[in-house]
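Undergrad: dropping the sequence and predicted coords here.
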Protein chains: 2
Amino acid sequence: MELQQLRYVCAVADTGSFSRAAERCQIAQPSLSQQILKLEEDLDAKLFDRLGRSIRLTEAGRAFLPHARSVLQNVEAARSSVAVQQLDVRGSVAVGVIPTIAPYRMPGYTARFTEKFSQARMRIVEDMTPALVEGLRDQSIDLAILALPLRHKDLEVIPLCTEPVFAALPRDHPRAGSDSLSLNDLRGEPFVMLRDGHCFRDLSIAACSSARITPNIAFESGQFSSVLAMVGAGVGISMVPEMAVDPGAACCYTRLSDARARRTIVLASLRGRTFNLVQNAFADVVTAMEHTRRHDLSSP
Amino acid sequence: MELQQLRYVCAVADTGSFSRAAERCQIAQPSLSQQILKLEEDLDAKLFDRLGRSIRLTEAGRAFLPHARSVLQNVEAARSSVAVQQLDVRGSVAVGVIPTIAPYRMPGYTARFTEKFSQARMRIVEDMTPALVEGLRDQSIDLAILALPLRHKDLEVIPLCTEPVFAALPRDHPRAGSDSLSLNDLRGEPFVMLRDGHCFRDLSIAACSSARITPNIAFESGQFSSVLAMVGAGVGISMVPEMAVDPGAACCYTRLSDARARRTIVLASLRGRTFNLVQNAFADVVTAMEHTRRHDLSSP
DNA sequence: TACTAGGTATAGGCTTTATCTATGGAACTC
DNA sequence: GAGTTCCATAGATAAAGCCTATACCTAGTA
């Protein structure tokens, strides 16, 4: 049984004639005849009585016809369900973001995105990198904004920006106000760091390692605002990415010259995944905003 | 979109793998891959994400899948609706019969038929030939039992029996008790005849014409029982087919030797029509019973 | 790193089949 | 009785489905 055959049956039932049905179906009459015969053979039942000039449904035909119509309607429903889904601006997107980016970027992303897609359902998950990677894999989140390095080959990343890392020093620190600073200059200082699990902690420690420093960690916190507060209180020094630099905190910031003192933010997704309209749009917003930011910074 | 493609999609969704789906569908994996790709192209949407080893439905796929399953179920429903209809012993049959046969044969037919098909719905229409022919054409009746001649090329007839015609004479008629009689012997007698419209009236008049008689019609009635009663009362003579011969009536019967004095009963149906199980069974019962009757009459 | 295994996409050939044109045959019309 | 209409049949052609072989990719492993 083929869908074409069902279309032909319906056409014959509607027009009451093989010839007119063939015309409506845009095929030659013998082709339609053959397909009807083939279907009848397949079903082992005649569907039409050929009574000279007129064609009439047999009882089997009357039993079959509503099902045939139903199948064809269903096929159209299947087709349009996909089309609607493809264009649906009410789709949903789940975005993961690490805590050391979330407060600085997500408000801007979501505001811009919601302007254009007010009907979309958006879910934001703030968690650390391993949880987000897992989320991408099990598709509980669609996109993630996080920092390199990422050594998962099943993920696809789009670079968003690379930002310098700044040393955060108490205002009364001897090096406060320096034009330039490297980690080597901070050897032996007590460090305030993010808690274990934060990728920026790993980045910081890796940068220290490159500078042959084993940091002496005096305090740990889960967020930069606490870190900066502790630095301002003189507990130690720290490193923060540019976006976390807060002039309101009682710290001095100096850009670190170390090659490793850079953080690259990326938009990550599962390699090979397909996205809906809303998900693609969110990704577009994020990349466009970061592109604009680079442009704004470099031009003036 | 083809039904095969829908089967493949369901198989992939069920097994989570193109290879296993191909195995289940009894085809080579590339063939299945091609068909899925073709469908995706047709729908202009990816249905599956190929993520290395595992396959997952996209959102479009999730939207599409239930419709695909529904279509396939519907196709099966269509197929089985025909199969059930073909085998349904609860089908219906409408049988037309002319009044000059009905009382003599229908009781036997229906009794035998109902024995085997107690669940069938049977409708019996007793009317004269033109109405029955019209009924066959508009399919308000499926089969008709009537007498030749029938010169409608759109009808198909199966002969059931050919019976002699008897002269019915009052018991005190001079020719009553004759071994042999022809219409010529009855020239000038007053005739009792069926009313206009009955085909046996036409047959009777045609037989008279062949014998060069223009019957003088003294009385007309709608049924043989009245005819015979009038004959017995001496109103006139008449002609009746063998099955109408009633020893209980006050008549003498003598077989007419005229070549035209014969009635052929047939089972008629619309040429090219298709019958359900019950209709075929009724036709079988009728022909079998008439065949048996001929056999019973000829053998002893 | 290289190699194997598991899985999908691509390429090329073969076979089936849906469609076409031309024609036959039956029934209806003028 | 010729012409028309309509469905079925026959033979040819072109498309499409399926096959085998193979390339390609990822993941796991020596």
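TA: All right, it came through fine.
Undergrad: correct me if wrong: A:His152 contacts A:Val133.
TA: Yes. A:His152 is within contact range of A:Val133, at 5.9 Å (criterion: CB atoms under 8 Å). From N, CA and C alone the C-beta is placed, and that goes for glycine too.
Undergrad: tell me where the stretch 101-250 of chain A has strands.
TA: Using DSSP state E, counting those that start in this stretch, the strands found in the stretch 101-250 of chain A span residues A:121-126, A:143-147, A:155-170, A:190-194, A:216-221, A:238-241.
Undergrad: most packed of the ones you listed?
TA: Highest mean neighbour count of these: strand A:238-241, a mean of 26 (counted as mean count of other CB atoms under 10 Å in any protein chain shown).
Undergrad: output the contacting helices and strands for that one.
TA: strand A:155-170, strand A:190-194, helix A:199-210, helix A:224-232 (3 or more CB pairs under 8 Å, 6 or more residues apart in numbering or on different chains; DSSP states H and E).
Undergrad: if you count what's nearby, which of A:His152 and A:Val133 comes out ahead?
TA: Comparing A:His152 with A:Val133 by other CB atoms under 10 Å in any protein chain shown, the one with more neighbours is A:Val133, at 20 against 15.
Undergrad: what does the pLDDT read for the more buried one?
TA: With respect to pLDDT, A:Val133 scores 89.
Undergrad: for it, what are its contacts?
TA: A:Ala144, A:Leu150, A:His152, A:Leu155, A:Ala268 (CB atoms under 8 Å, 6 or more residues apart in numbering or on different chains).
Undergrad: recalculate using a threshold of 6 Å.
TA: For A:Val133, the contact set (CB atoms under 6 Å, 6 or more residues apart in numbering or on different chains) comprises A:His152.
Undergrad: next one: A:Leu186
TA: Going by CB under 6 Å, 6+ apart, A:Leu186 touches A:Ile237.
Undergrad: per-residue confidence at it?
TA: For A:Leu186, the pLDDT comes out at 86.
Undergrad: what's the spacing between it and A:Thr100?
TA: 20 Å (CB to CB, to the nearest Å).
Undergrad: distance of the residue in the stretch 101-250 of chain A that DNA strand C sits nearest to from chain B?
TA: Relative to DNA strand C, the nearest point of the stretch 101-250 of chain A is A:Lys153 (11.8 Å; CB to the nearest atom of the strand). Look at A:Lys153 and chain B: by CB to the nearest CB, to the nearest Å, they are 9 Å apart.
Undergrad: please apply the same query to A:Gly16.
TA: 14 Å.
Undergrad: what's around that residue, how many residues?
TA: Other residues near A:Gly16 come to 14 when the count uses other CB under 10 Å.
Undergrad: how about the contacts made by it?
TA: Neighbour list for A:Gly16: A:Ile55 [criterion: CB under 6 Å, 6+ apart].
Undergrad: so the residue nearest to A:Ser210 when sequence neighbours are not counted, which state does it fall into?
TA: Closest residue in space to A:Ser210, ignoring its immediate chain neighbours: A:Arg260 at 4.7 Å, by CB to CB, 6 or more residues apart in numbering or on different chains. Assigned with DSSP: H, G, I helix; E, B strand; the rest coil, A:Arg260 falls in the coil class.
Undergrad: what does chain A put close to DNA strand D?
TA: Within chain A, the positions near DNA strand D by CB under 7 Å from any atom of the strand are A:17-20, A:29-30, A:33-34, A:36-37, A:50, A:53, A:55, A:153-154, A:271.
Undergrad: quick one: is the longest helix along chain A near chain B?
TA: Ranked by residue count, the top helix of chain A under DSSP state H comes out as helix A:59-87. Yes. Counting by CB under 6 Å from any CB of the partner chain, chain B is contacted by helix A:59-87 at A:59-60, A:63-64, A:67-68, A:70-71, A:74-75, A:77-78, A:81-82, A:85-86.
Undergrad: what mean pLDDT does that helix get?
TA: On average, the pLDDT along helix A:59-87 is 89.
Undergrad: how about stretch A:24-42?
TA: Mean predicted lDDT for stretch A:24-42 stands at 87.
Undergrad: now do stretch A:159-172
TA: Mean predicted confidence for stretch A:159-172 is 92.
Undergrad: show residues contacting it.
TA: Identification of contacts with stretch A:159-172 by CB under 6 Å, 6+ apart yields A:175-176, A:181, A:228, A:231, A:234, A:237-242, A:245, A:250-256, A:261-267, A:290.
Undergrad: again, only using 7 Å
TA: Contact with stretch A:159-172 is made by A:175-176, A:181, A:186, A:228, A:231-232, A:234, A:237-243, A:245, A:250-256, A:261-267, A:286-287, A:290, A:293-294, as judged by CB atoms under 7 Å, 6 or more residues apart in numbering or on different chains.
Undergrad: with adjacent residues omitted, what lies nearest to A:Ser17?
TA: Nearest to A:Ser17 is A:Ile55, by CB to CB, 6+ apart, at 5.9 Å.
Undergrad: surely the one you found forms part of a strand?
TA: Yes. Assessed by three-state DSSP, A:Ile55 belongs to a strand.
Undergrad: so it sits against A:Val12, correct?
TA: Yes. The criterion here is CB atoms under 7 Å, and A:Ile55 meets it with A:Val12 at 6.3 Å.
Undergrad: out of those two, which sits in the more crowded spot?
TA: A:Val12 (26 against 22).
Undergrad: look up how far A:Ala144 lies from that one.
TA: 56 Å.
Undergrad: next one: A:Ala68
TA: Taken as CB to CB, the span from A:Ala68 to A:Ala144 is 48 Å.
Undergrad: please apply the same query to A:Lys46.
TA: In this view, A:Lys46 and A:Ala144 are 61 Å apart by CB to CB.
Undergrad: repeat for A:Pro170
TA: The gap separating A:Pro170 from A:Ala144 is 35 Å, by CB to CB.
Undergrad: contacting residues around the residue most central in space within chain A?
TA: Nearest to the mean C-alpha position of chain A, by CA atoms, centre = their mean, lies A:Leu143 at 3.0 Å. By CB under 7 Å, 6+ apart, A:Leu143 lies in contact with A:Val93, A:Val95, A:Leu267, A:Ser269, A:Gln279, A:Phe282, A:Ala283.
Undergrad: of the residues you listed, closest to DNA strand D?
TA: A:Ser269 (13.6 Å).
Undergrad: re the thing from before, the contacts of A:Leu143: which two are farthest apart?
TA: The distance between the two most remote of these (CB to CB) is 12.2 Å, for A:Val93 and A:Leu267.
Undergrad: who's more crowded, the two?
TA: Between A:Val93 and A:Leu267, counted using other CB under 10 Å, the more crowded position is A:Val93 (23 against 19).
Undergrad: good, wrapping up.
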